[in-house]
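Participant: using only what follows, build the 3D model:
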Amino acid sequence: MSIRKKMYKNLDKWREYKLRQQKQNYARGRINCERHKWTPEEEKLLFSCPLTDRELSKVIHHSVQAIQIRRCRLKKNKNI
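Facilitator: Numbering: from 1, shown residues only. Alright, predicted model coming up:
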């Protein structure tokens, strides 16, 4: 259990807080991101680039959420 979660007596309030923070983080990562297909170069950067997801989103113009989902899907497909 996280430290912040322990601070809240009401778990519903904690869930609302967590969801609100998550939405704010994803919204910050969507700046100047238009919908386009992933290129092989962009996919290579997902695993080799030392940048955070937010910094990487500014470089490759995909949202933070899109980066996390794509990385997860690529990992899953490699394990099959």
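Participant: quick one: contacts for residue 25?
Facilitator: Contact partners of residue 25, counting by C-beta atoms under 8 Å, 6 or more residues apart in numbering, are 54, 64. Just so you know, the C-beta spots here come from the backbone N, C-alpha and C atoms, and that holds for glycine as well.
Participant: what residue ranges in the protein score low on pLDDT?
Facilitator: Regions of the chain meeting the criterion pLDDT under 70 cover residues 1-3, 5, 29-34, 79-80.
Participant: where do the helices sit along it?
Facilitator: 3-7, 11-29, 40-48, 53-60, 64-79 (DSSP state H).
Participant: backbone dihedrals for the residue sitting furthest away from the middle of the chain, please?
Facilitator: Distance from the C-alpha centroid of the chain, by C-alpha atoms, centre = their mean, peaks at residue 9 (28.1 Å). Phi and psi for residue 9, reported as degrees, to the nearest 10, are phi -80, psi -30.
Participant: mind checking how far it is from residue 21?
Facilitator: Note on residue 9: its distance to residue 21, by C-beta to C-beta, to the nearest Å, is 19 Å.
Participant: try residue 10
Facilitator: Residue 10 is 16 Å from residue 21, by C-beta to C-beta.
Participant: looking at those two, which one has more neighbours?
Facilitator: Remark: of residue 10 and residue 21, residue 21 carries more neighbours, 11 against 8, as counted by other C-beta atoms under 10 Å.
Participant: noted, bye for now.
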